[in-house]
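J.: model the following, please.
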Amino acid sequence: MKRRTMWWALGLALVVAWSAAGQAAPPYVLGPGDVIDVTVLGEPTLSMTLTVQPDGRISYPMLGEMTAAGLAPDDLARQIAWGLRRYIRMPRVTVIVRDARARPFVYLLGQVAHPGAYEIQRGWTVVQALASAGGVTPGADLQKATLIRQGGQDTIPVDLETVLVRGDAQAAPALEGGDVIVIPQAPSQHVYVLGLVSRPGSYDIPPGSRLHEALSLAGGPDRRAALEAVGVVRQDPLQRARVQTYDLSRFFRSGDASQDPVLRPGDVVYVPETRTPDWGHVLEFLGILVGIVHF
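T.: Below is the predicted model:
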């Protein structure tokens, strides 16, 4: 078990480091519980160790209560130096983190705008973490995300489509420090577009693509095409080919979505020359060309 945990930690570190390659690391931001060393050059009585209090403040001589939480150490040093200018000529101040507080991080990998490690707040769910990472990419498979917990020993499926698209907040799992959220890329759909189109062939289309979009990828219909009888050939669970015809001309004229179906992986779109093609003959031809089984 220890060996598994060690390899899990090493693999995670490598993936996070790879995903952050080429991006500048964000500055450390102070928060409650951080222990800092404040040094004022030539002023030993003003050089001291302080702890950021639960309210995010520190108490500093001559300046009183100051807000430290949310600032980078260099920013806090500049604020202290600015306040001390009333008492010291050109103060030179440095702030160094001596002891960083325990900070809960989660890791977002895959199809997010900015993969990497993100500090989370109490009560956060996957929604807030995704917002911190800039959201998901257009190629994300929202239904196949996973949350990996406890060093890889527990994998929880997350349906981000329900969470983000349908707005079901109850489907968004709460996060714990060390969680890893993996969002895979959506698989492309491989379909064939044949018959009277400009560029017959096979095409990869994103999930949810419709009939008219597949025709556009193939360069559009030929002027001789019978758009009133465009066939979508699909195999049933028993691998038998079935043809459903659609009147795309009606879709183009009036926007009738019933004539512009969503395609599935493996569909064959056939654009005939006549409104009454011999579909038996067409299926025999497709069986030779793309392996459609015709019964």
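
J.: what's the domain layout of the chain?
T.: 29-99, 105-183, 189-290 (automatic domain parsing).

J.: by mean pLDDT, show me the worst of those.
T.: Lowest mean pLDDT within these: domain 105-183, at a mean of 84.

J.: which stretches of the stretch 1-150 of the chain form helices?
T.: Listed in chain order, the helices of the stretch 1-150 of the chain (DSSP state H, counting those that start in this stretch) span 2-19, 73-84, 126-132.

J.: from the contact counts, what lies against the last one?
T.: Meaning helix 126-132. If you count contacts as 3 or more Cβ pairs under 8 Å, 6 or more residues apart in numbering; DSSP states H and E, helix 126-132 packs onto strand 105-110, strand 180-183. Heads up, the C-betas are built off the backbone N, CA and C, glycines and all.

J.: go again using 6 Å as the cut-off
T.: Helix 126-132 makes packing contacts with no helix or strand when contacts are defined by 3 or more Cβ pairs under 6 Å, 6 or more residues apart in numbering; DSSP states H and E.

J.: what residues of that helix count as buried?
T.: Residues Val126, Gln128, Ala129, Leu130, Ser132 are the ones in helix 126-132 that count as buried (16 or more other Cβ atoms under 10 Å).

J.: try the second one
T.: For helix 73-84, burial by neighbour count (16+ other Cβ under 10 Å) applies to Pro73, Leu76, Ala77, Gln79, Ile80, Ala81, Gly83, Leu84.

J.: dump the residue contacts of the residue lying closest to the last one once chain neighbours are set aside.
T.: Just to be clear, that refers to Leu84. Using Cβ to Cβ, 6 or more residues apart in numbering and skipping the chain neighbours, the partner closest in space to Leu84 is Pro91 (4.2 Å). Residues near Pro91 by Cβ atoms under 6 Å, 6 or more residues apart in numbering: Val40, Ala81, Leu84.

J.: quick one, strands of the stretch 101-250 of the chain?
T.: Secondary structure of the stretch 101-250 of the chain by DSSP state E, counting those that start in this stretch: the strands cover 105-110, 116-119, 145-149, 154-158, 180-183, 189-195, 201-205, 230-235, 241-246.

J.: residues contacting the third one, please?
T.: This means strand 145-149. So strand 145-149 is contacted by Thr155, Ile156, Pro157, Val158, Leu160, Pro173, Asp179, Val180, Ile181, Val182, Ile183 (Cβ under 6 Å, 6+ apart).

J.: and the third one, how many neighbours?
T.: Applying the criterion other Cβ atoms under 10 Å, we find 10 residues in the vicinity of Pro157.

J.: counting neighbours, what do you get for Lys50?
T.: One correction, residue 50 is Leu, not Lys. Neighbour count for Leu50, taken as other Cβ under 10 Å: 18.

J.: okay, and the beta partners of the nearest residue to it once chain neighbours are set aside?
T.: Distances taken as Cβ to Cβ, 6+ apart put Ile58 closest to Leu50, at 4.8 Å, once the chain neighbours are dropped. Assessed by DSSP bridges, Ile58 has beta-bridge partners Met66.

J.: OK, contacts around Ile58?
T.: Neighbour list for Ile58: Leu50, Val52, Met66, Ala68 [criterion: Cβ under 6 Å, 6+ apart].

J.: in JSON lines, list those along with distance to Gly219.
T.: Shown next, in JSON lines, are those (distance: Cβ to Cβ, whole Å):
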{"residue": "Leu50", "distance to Gly219": "69"}
{"residue": "Val52", "distance to Gly219": "63"}
{"residue": "Met66", "distance to Gly219": "66"}
{"residue": "Ala68", "distance to Gly219": "62"}
